[in-house]
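# My questions concern the predicted model and sequence given below.
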Amino acid sequence: MNRSIAHGAILPGLACDPNAPASILVVDDMPDNVALIRAHLTMNGYHVIEAFDGAQALRQVADHRPDLILLDVMMPILDGYEVCRRLKGEAATILTPIVIVSALSDQEDRIRGIDAGADDFLTKPFDRTELLARVRSLLRVKRYTDELDHAETVIGSLALGVEAKDPYTEGHCARLARYSVRVGETLTLNDGPLRALRQGGVLHDVGKVGIPDAILNKPGKLTEEEMDIVREHPLIGERICSPLKSLRGVLPIIRHHHERFDGSGYPDRLRGEEIPLIARITSVVDVYDALRTQRPYKPALPAEKALEILREETKKGWWDGQVVEILAHIVSTNGEGRSGD
């Protein structure tokens, strides 16, 4: 399997065909109701999937990944509220629009549907025009969401493609994401920064797609002119990712993960806490993993030696000492899971 695809799960996304008809799962324990809705939908070009109880609905979602779900409430095995709650509780289906179609119309029933995560409601007997209007509206939102997810996946694949060009960096992005998140959790960061750290593991060096391979994979020391070219990659990466609002949180990592506490880093020569915390975390873990990785010009260092070097460089004013010590504690407590250690 292509390595960039194998690691792509870090940035989940849908690779959908924009020309394919939207697929809609119709869930109702009454076959006549399913047949009626199917007739309305197929006449308008939609692909219909059917389920007749809640458990079957979950299986159909897993097998077919529908674009939208029309869900009855009163069903055997699992009712519609429970099906909705489960689907909205999973990362893979949380953005799939769900319309509860039910004869129940009390305010209490609607509140239960809202609590379960339903996106819309339709009361039986429904008007055909209203059904189709709501379907079209929710599918427009779903298509936009899929496009954003797909764009994230493409950018993630670009970043992992950079890693894949160098046999010595295999697994670097996954390790960087894993350890950066562990450091962030130790610092009790909330979900937003933790998500940025996870994405940053993949995307931190995406700007290297703009750097010639001859420079990136040069076995010897780079000239100053070549280093100037390499120093452009944080700015290139920021330009690649900044159009996507969903990636705004990771931009500080992409731009600033080569800054140093004493101001000797790049591209902005930030000092101390001017450097965003998530970038300081990523930079420390990035250097640690580089020290632990074999290169043509050096062996892989033992964990203790890599941490010793990080502490020496912290004394020089390069790294956030708190982050270095948290990483050291994580490594000594949990190990790394690398082969050959």
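Yep, that arrived.
# any weak-confidence spans in the stretch 201-341 of the chain?
Residue ranges of the stretch 201-341 of the chain with pLDDT under 70: 296-297, 335-341.
# try the stretch 51-200 of the chain
105, 144-154, 158-169.
# need the contact list for A196.
Counting by C-beta atoms under 8 Å, 6 or more residues apart in numbering, A196 makes contact with 249-250, 252-253, 278. Placement of C-beta: from N, CA and C, glycine included.
# cool, I236 as well?
206-211.
# Kindly recompute the last result at 7 Å.
207, 210 (C-beta atoms under 7 Å, 6 or more residues apart in numbering).
# all numbers from here: first residue = 195
Got it, the first residue is 195 from now on, which makes the last one we talked about I430.
# host element of it?
Under the criterion of DSSP states H and E, I430 resides in helix 427-435.
# Mind listing what's buried along the following helix or strand past that helix?
Next along the chain after helix 427-435, taking DSSP H and E as the criterion, comes helix 445-450. Within helix 445-450, the residues that count as buried by 16 or more other C-beta atoms under 10 Å are 445-450.
# and those, which two are the farthest apart?
L445 and H450 (8.9 Å; C-beta to C-beta).
# related to what we said a few turns ago, so what's the gap between the helix holding I430 and the chain middle?
Between the centre of helix 427-435 and the centre of its chain there are 18 Å (C-alpha atoms, centre = their mean, to the nearest Å).
# Buried ones in it, by neighbour count?
427-432, 434-435.
# Equivalent analysis for stretch 376-392, please.
376-378, 383, 387-392.
# From those residues, which land in helices?
Residues of those located in helices (DSSP state H): 376-378, 387-392.
# Including distance to G274, could those go into CSV?
Formatted as CSV, these follow (distance: C-beta to C-beta, whole Å):
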residue, distance to G274
R376, 39
V377, 42
G378, 38
P387, 36
L388, 33
R389, 30
A390, 36
L391, 37
R392, 33
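# From the contact counts, what lies against the host helix or strand of E244?
Taking DSSP H and E as the definition, E244 sits inside strand 241-245. Packing contacts for strand 241-245, counted by 3 or more C-beta pairs under 7 Å, 6 or more residues apart in numbering; DSSP states H and E, involve strand 217-221, helix 225-236, helix 248-258.
# The shortest one pairs with which strands?
Yep, that's strand 217-221 we're talking about. strand 241-245 (parallel), strand 262-265 (parallel) (DSSP bridges).
# taking these together, which one is wrapped up most tightly?
strand 262-265 (a mean of 27; mean count of other C-beta atoms under 10 Å).
# export the contacts of A390 to JSON lines and tack on distance to I218?
JSON lines is the format used below for the contacts of A390 (distance: C-beta to C-beta, whole Å):
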{"residue": "G443", "distance to I218": "33"}
{"residue": "V444", "distance to I218": "34"}
{"residue": "P446", "distance to I218": "40"}
{"residue": "I447", "distance to I218": "39"}
{"residue": "I472", "distance to I218": "40"}
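# Identify, from those residues, the entry nearest to R334.
For the contacts of A390, the nearest to R334 is G443 (25.6 Å; C-beta to C-beta).
# thought the closest one was touching L391?
No. G443 is beyond contact range of L391, at 9.4 Å (criterion: C-beta atoms under 7 Å).
# if we take the buried residues of stretch 376-392, which one ends up nearest to A310?
R389 (24.3 Å).
# tell me the contacts of the closest residue to that closest one other than its chain neighbours?
Leaving aside its sequence neighbours, R389 sits nearest to G443 (C-beta to C-beta, 6 or more residues apart in numbering; 6.5 Å). With contact taken as C-beta under 7 Å, 6+ apart, G443 is in contact with 386, 389-390.
# Can you tell me how far G443 is from N384?
Counting by C-beta to C-beta, to the nearest Å, the separation of G443 from N384 is 11 Å.
# how close does Y373 get to L471?
From Y373 to L471 the distance is 15 Å (C-beta to C-beta).
# Could you check which of these two is surrounded by more residues?
Taking other C-beta atoms under 10 Å, Y373 and L471 do not tie; Y373 has more neighbours (25 against 18).
# Quick check: that one touching D480?
No. Contact criterion C-beta under 7 Å: Y373 and D480 do not qualify, at 9.6 Å.
# Give me the common contacts of the two.
Common neighbours of Y373 and D480 (C-beta under 7 Å, 6+ apart) do not exist.
# Include distance to R328 and mean neighbour count when you put the helices and strands packed on strand 241-245 into a markdown table, please.
Supplementary listing: the helices and strands packed on strand 241-245 in a markdown table, determined by distance: least, C-beta to C-beta, whole Å; neighbours: other C-beta atoms under 10 Å:
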| stretch | distance to R328 | mean neighbour count |
| --- | --- | --- |
| strand 217-221 | 11 | 24 |
| helix 225-236 | 12 | 16 |
| helix 248-258 | 19 | 17 |
